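Asks: Coordinates only, no sequence provided:
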């Protein structure tokens, strides 16, 4: 059998490095974060706004999120080895050293925060706060207490606020309401994933789930947090950010989300947890997409 040529080896090596970088920054999750920020920007702008601002926001947000995810993996390298869902990441497999990962996090954080600050100081400040909270507070507390989930939901909701601030230049009721929506939306999403991967988490020593927590408990917690989305919808209507049609549609959509969380608490099955998880993937873009469409039509 013929040996691979140097050209083939170079392409294989490049493809591996690209794939490792995508894992390092959690590429698909990162894209969802960027899309959330951009949709929030469009909603605040009531249209397309500035293409230059959108590009800077998307690139800056991607880099800051990528830096946060990288630092998270640096701090959890030894624990990632213990979990099936993370054991094939670059550092646990030895394809990337800690120093290489830290260097990547360094340039991404500096460039990302600088880009956000070019939009306005608020955007840069919120980006920096998000990175620090996720990397250096949420990440270590995951091994200590379930309160880490609440702490982690703050940087998780920050993209919507940053997207609004990028256009408006300051914190407004719209930014706070979208922040609240993303904050409470995360809990059913996370508790469903926690139920599906709880053995992995416990094996690695993460305390994000209470020792006595079961599917019923996680389902009830999901339902409680999903219920807080209804006042968010009401707030958006009260401040004039949505009309009566979206008030009804978003309320119905939220009640379906709540019902699925209730079913999760009652059935306590893998299928019910998966249903909540997948419904969360639809809820966020549908919610923000409906707002954006209404803003474009006004």
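Replies: Ah, there it is. This structure is a prediction, so every number in the text was calculated from the model and none was measured. Numbering: from 1, shown residues only.

Asks: From here on, just use CA atoms for contacts and neighbour counts.
Replies: Noted.

Asks: Where does pLDDT dip in the stretch 151-298 of the chain?
Replies: 298 (pLDDT under 70).

Asks: mind running it again at 90?
Replies: 194, 196-215, 292-298 (pLDDT under 90).

Asks: any idea how far residue 243 is from residue 297?
Replies: Look at residue 243 and residue 297: by CA to CA, to the nearest Å, they are 11 Å apart.

Asks: Who has more neighbours out of the two?
Replies: Ranked by neighbour count (other CA atoms under 10 Å), residue 243 and residue 297 place residue 243 first, with 15 against 9.

Asks: which ones are touching that one?
Replies: residue 237 (CA atoms under 8 Å, 6 or more residues apart in numbering).

Asks: How is this protein partitioned into domains?
Replies: The record's domain parsing of the chain by automatic domain parsing lists 17-170, 172-298.

Asks: Which residues are in contact with residue 118?
Replies: residue 124.

Asks: Please, which helix or strand holds it?
Replies: helix 98-119 (DSSP states H and E).

Asks: pLDDT averaged over that helix - what is it?
Replies: Per-residue pLDDT values over helix 98-119 give a mean of 96.

Asks: So which bits of that helix are buried?
Replies: For helix 98-119, a neighbour-count test (16 or more other CA atoms under 10 Å) marks 98, 101-102, 104-106, 108-109, 112-119 as buried.

Asks: Run through the neighbouring helices and strands of the helix ranked longest in the chain.
Replies: Secondary structure assigned by DSSP state H gives helix 270-297 as the longest helix of the chain. Under the contact criterion of 3 or more CA pairs under 8 Å, 6 or more residues apart in numbering; DSSP states H and E, helix 270-297 touches helix 27-45, helix 173-196, helix 244-267.

Asks: Identify the residue spatially nearest to residue 128, adjacent ones excluded.
Replies: Distances taken as CA to CA, 6 or more residues apart in numbering put residue 113 closest to residue 128, at 6.3 Å, once the chain neighbours are dropped.
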